[in-house]
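Trainee: Whatever this is, show me its structure:
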Amino acid sequence: MKTVIVGGVAGGASAAARLRRLDEGMEIVVFERGEFVSFANCGLPYYIGGDIADRDDLTLQTPDSFKKRFNIDVRIFQEVIKIDPGTKTITVRHVKDDEIYTETYDKLILSPGAQPSVPPIPGANNPNVFTLRTIPDSVNIKKYISENKCKTATIIGGGFIGLEMAENLKMAGLDVTVIEALPQIATVLDEDMSCDLTAYLRSKGIKIYTGSAVSDISKLDADIVILSIGVRPETKLAIDAGLDINQRGAILTDSHMRTSNPDIYAVGDAVQIRNFITGAPGYVPLAGPANKQGRIAADNICGLDSSYSGTQGTSILKLFDMTAAATGLNERALMGSGTKYDKVFLWSSSNATYYPGATNMSIKVLFDIDSGKILGAQIVGFSGVDKRIDVFATAIRAGMTAYDLTELELAYAPPFSSAKDPVNMAGYVIENLLTGKVAQHHWHDMENLLDRSDITLLDVREKYEFDIGHFKNSINIPLDQLRERCAEIDPSMPVYVNCQSGLRSYIACRLLSQKGFNCSNLAGGYRLYSMVMETAAFKNELTHPCGVEVK
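Mentor: Below is the predicted model:
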């Protein structure tokens, strides 16, 4: 049998290696139109910033190494320009000399990936405007900065790649601006979770404009501009071959990664995925899913019944010393799903607070109200974010509930965690809601509560905290004085309690409810509310650069 693979990198290279491990006698040919068949495209921003000093470190496999280790025929600088499913042939063009030839196949795997989106606006094709997708892209950006002695950079797009570029260009010594058309950066997070990230980046000297669309790149005051507004599947080959695609242009496959043609498979950033939680179709171009899909396609070609069960979108981002991560569904996705859900916020320490180096993490967990099943999680912090998001990702994949989170036995020693890990604590907080031990309200509910005369707003922080900032019309009774001062609270009115993070106010609610009060706890506390409000206020004060329209 002869299997031809179009495109390398994550999906194609993974499929090729798996095919050889399963079938030593198979003829395997990989076509790649560029120079690099297998490279770490997620590492490209760090090469530009200097963390990865040697470009060769980005290359994972070469044609020679594929041949020596796997006996795979890798042909670089050769572009597949046509597929003929009827004759089971492909047409190939040599990139360097335009020579054309045909190649037969028994099975075909498409791994063409995606290409950066370029907006149809003036200045998009200027010589100082770049996209980042390949090693040559990163080399050209680095070369342009050096040769033109660039001092200022503008990133159009505040997604993960755009933010990684912002960090690395700042580390390279440039003055950096990020412009995002949506109301927030890092849209895999919800807006309330992106606020910490926005404030931190601004503290590092990066200017961020959200709710802003660039109308003319030429008017931007920047030596270099990086377009990072997303990618679109590169599927012209599939379309011309008559394969089924969706409205976005992504290739449709079954769970075995087989396309509408039984002898053609497709993997990676070119394919439509199924959301693991909802089952809905989607598009999530990530390296992890691409690698898994390549392996699954190879399994099925070799007769193994292997299936792709869906993508849950687990992702992580490093920005200077801060880390942001997410898995599963965010709140925007849940709002339109019909699922009855709620959310909890925690402000948890990365390790035992008495051990040096402990830092806090902002954690948001979304769950099904009826079952307690975990639907999504987002974390922004410093140390310890990665291992907690991986536990949440595993919990979602396993269909675990909040009750299950409380029972997880996770590694504990003071330098690494607390005896009750933040993941356990998230389970406890949700369990308290599900079992009726506490009621809660959220930061976005406060606008409708501040002027009501039929409720009591109670702040149980210490007076010095209260004096720094508090809700109007609220009274301050520190938690440790609450038992003795309960008579100061009108028992006939509902009590809406807050502290800084939500922990002391939870304790206050438990105390008061057992004394007959009707209580509700502010999820995430005053810290979360003030962070969201400050970010919104700062946004309104910004002076936008030329060529930017405020939405």
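
Trainee: residue boundaries of the helices in the stretch 351-500 of the chain?
Mentor: The residue ranges that make up the helices of the stretch 351-500 of the chain, judged by DSSP state H, counting those that start in this stretch, are 385-397, 402-407, 422-434, 463-468.

Trainee: Deepest-packed of these, please.
Mentor: helix 422-434 (a mean of 22; mean count of other Cβ atoms under 10 Å). From N, CA and C alone the C-beta is placed, and that goes for glycine too.

Trainee: Contacts for that helix, please.
Mentor: Counting by Cβ atoms under 8 Å, 6 or more residues apart in numbering, helix 422-434 makes contact with 342, 344, 346, 348-350, 361, 363, 365, 367, 369, 372, 377, 384, 388, 391-392, 395, 402-408, 410, 420, 437-440, 506, all of which sit outside it.

Trainee: re the thing from before, CSV for the helices of the stretch 351-500 of the chain, including mean pLDDT?
Mentor: Formatted as CSV, the entries for the helices of the stretch 351-500 of the chain read as follows, by pLDDT from 0 to 100:
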stretch, mean pLDDT
helix 385-397, 98
helix 402-407, 98
helix 422-434, 98
helix 463-468, 97
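
Trainee: TSV for these, including distance to Arg202?
Mentor: Below are the helices of the stretch 351-500 of the chain laid out as TSV (distance: least, Cβ to Cβ, whole Å):
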stretch	distance to Arg202
helix 385-397	20
helix 402-407	33
helix 422-434	26
helix 463-468	20
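
Trainee: Can you say which of the ones you listed is nearest to Gln481?
Mentor: Between Gln481 and the helices of the stretch 351-500 of the chain, the shortest separation by Cβ to Cβ is 10.0 Å, and it involves helix 463-468.

Trainee: May I have the closest one as CSV, with CA atoms only?
Mentor: Listed in CSV are the C-alpha atoms of helix 463-468, where the atom choice follows Å, rounded to 0.1, in the frame of the first residue of the first chain:
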residue,chain,number,x,y,z
LYS,A,463,-11.9,48.7,58.1
TYR,A,464,-8.6,49.6,56.3
GLU,A,465,-9.7,47.5,53.3
PHE,A,466,-13.2,49.1,53.3
ASP,A,467,-11.7,52.6,53.4
ILE,A,468,-9.6,51.9,50.3
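
Trainee: Skip the chain neighbours and tell me the closest residue to Ile76.
Mentor: The spatially closest residue to Ile76, leaving aside those adjacent along the chain, is Glu32, at 4.9 Å (Cβ to Cβ, 6 or more residues apart in numbering).

Trainee: Contacts only, for the one you found.
Mentor: For Glu32, the contact set (Cβ under 8 Å, 6+ apart) comprises Gly7, Gly8, Gly12, Val74, Arg75, Ile76, Phe77, Gln78.

Trainee: Same question for the helix or strand where the third one lies: list its buried residues.
Mentor: In this structure, Gly12 sits in helix 9-22 according to DSSP states H and E. Buried positions in helix 9-22, judged by neighbour count with 16 or more other Cβ atoms under 10 Å: Val9, Ala10, Gly11, Gly12, Ala13, Ser14, Ala15, Ala16, Ala17, Arg18, Leu19, Arg20.

Trainee: Check which helices and strands that helix is in contact with.
Mentor: For helix 9-22, the packing partners by 3 or more Cβ pairs under 8 Å, 6 or more residues apart in numbering; DSSP states H and E come out as strand 2-6, strand 27-32, strand 38-39, helix 63-70, strand 107-110, helix 287-301.

Trainee: elements contacting the shortest one?
Mentor: The helices and strands touching strand 38-39, judged by 3+ Cβ pairs under 8 Å, 6+ apart, are helix 9-22, strand 59-61.

Trainee: I'd say Glu99 and Arg93 touch.
Mentor: Yes. Proximity of Glu99 to Arg93 meets the contact threshold set by Cβ atoms under 8 Å, at 7.2 Å.

Trainee: higher neighbour count, those two?
Mentor: Arg93 (17 against 10; other Cβ atoms under 10 Å).

Trainee: so who does the residue lying closest to Ser350 once chain neighbours are set aside touch?
Mentor: Among residues not flanking Ser350 along the chain, Gly384 sits closest, at 3.5 Å (Cβ to Cβ, 6+ apart). Listed by Cβ under 8 Å, 6+ apart, the contact set of Gly384 reads Ser350, Asn351, Thr359, Met361, Phe416, Ser417, Pro422.

Trainee: Rebuild those as a markdown table, extending it with distance to Glu447.
Mentor: Rendered in a markdown table, the data for these read as follows (distance: Cβ to Cβ, whole Å):
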| residue | distance to Glu447 |
| --- | --- |
| Ser350 | 32 |
| Asn351 | 36 |
| Thr359 | 31 |
| Met361 | 27 |
| Phe416 | 40 |
| Ser417 | 37 |
| Pro422 | 29 |
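
Trainee: Just the ones of the residues you listed in strands?
Mentor: Met361 (DSSP state E).

Trainee: okay, now Ser65: neighbour count?
Mentor: Burial of Ser65, expressed as a neighbour count using other Cβ under 10 Å, amounts to 15.

Trainee: please renumber so the chain begins at 9
Mentor: Sure thing, new numbering starts at 9, so read that last one as Ser73.

Trainee: who does Thr97 bridge with?
Mentor: Asp92, Thr112 (DSSP bridges).

Trainee: Counting by contacts, list what the longest helix belonging to the chain packs against.
Mentor: Among all segments of the chain classified by DSSP state H, the helix with the greatest residue count is helix 533-549. If contacts are counted by 3+ Cβ pairs under 8 Å, 6+ apart, helix 533-549 sits against helix 199-211, strand 349-357, strand 503-506.

Trainee: now the very next helix or strand once past it: mean pLDDT?
Mentor: For helix 533-549, the following helix or strand on the C-terminal side (DSSP H and E) is strand 556-558. The predicted model gives strand 556-558 an average pLDDT of 81.

Trainee: Now for the residue lying closest to Gly532 once chain neighbours are set aside: which residues touch it?
Mentor: Closest residue to Gly532 in three dimensions, ignoring its sequence neighbours and counting by Cβ to Cβ, 6+ apart: Phe353, at 3.2 Å. By Cβ under 8 Å, 6+ apart, Phe353 lies in contact with Asp200, Ser370, Ile371, Lys372, Gly510, Ala531, Gly532, Gly533, Leu536.

Trainee: Okay, the closest residue to Leu354 other than its chain neighbours and Ile438: tell me how far apart.
Mentor: Spatially, and ignoring its direct neighbours in sequence, Leu354 is nearest to Ile371 (4.3 Å; Cβ to Cβ, 6+ apart). Per Cβ to Cβ, to the nearest Å, Ile371 is found 12 Å from Ile438.

Trainee: Does Ile89 touch Val103 like I think?
Mentor: No. Between Ile89 and Val103 there is no contact under Cβ under 8 Å: 10.5 Å.

Trainee: if we can go back for a sec, to Gln255, which of the helices and strands packed on helix 17-30 lies closest?
Mentor: When the helices and strands packed on helix 17-30 are ranked by proximity to Gln255, the top entry is strand 115-118, at 18.8 Å, counting by Cβ to Cβ.

Trainee: so how many other residues sit close to Ser528?
Mentor: By the other Cβ under 10 Å criterion, the neighbourhood of Ser528 contains 20 residues.

Trainee: wait, which of the contacts of Gly392 is closest to Leu251?
Mentor: Distances from the contacts of Gly392 to Leu251 were compared by Cβ to Cβ; the smallest belongs to Met369, at 44.0 Å.

Trainee: Could you give the bridge partners of the residue lying closest to that closest one once chain neighbours are set aside?
Mentor: Taking Cβ to Cβ, 6+ apart as the measure, Met369 lies nearest to Gly389, with 3.2 Å between them; neighbours along the chain are not counted. Each beta-bridge partner of Gly389 is listed here: Thr331, as defined by DSSP bridges.

Trainee: pLDDT weak spots in the stretch 309-458 of the chain?
Mentor: Within the stretch 309-458 of the chain, no stretch falls below the threshold (pLDDT under 70).

Trainee: can you rerun that using 80?
Mentor: For the stretch 309-458 of the chain, the stretches flagged by pLDDT under 80 are 344.

Trainee: Cool, thanks, talk later.
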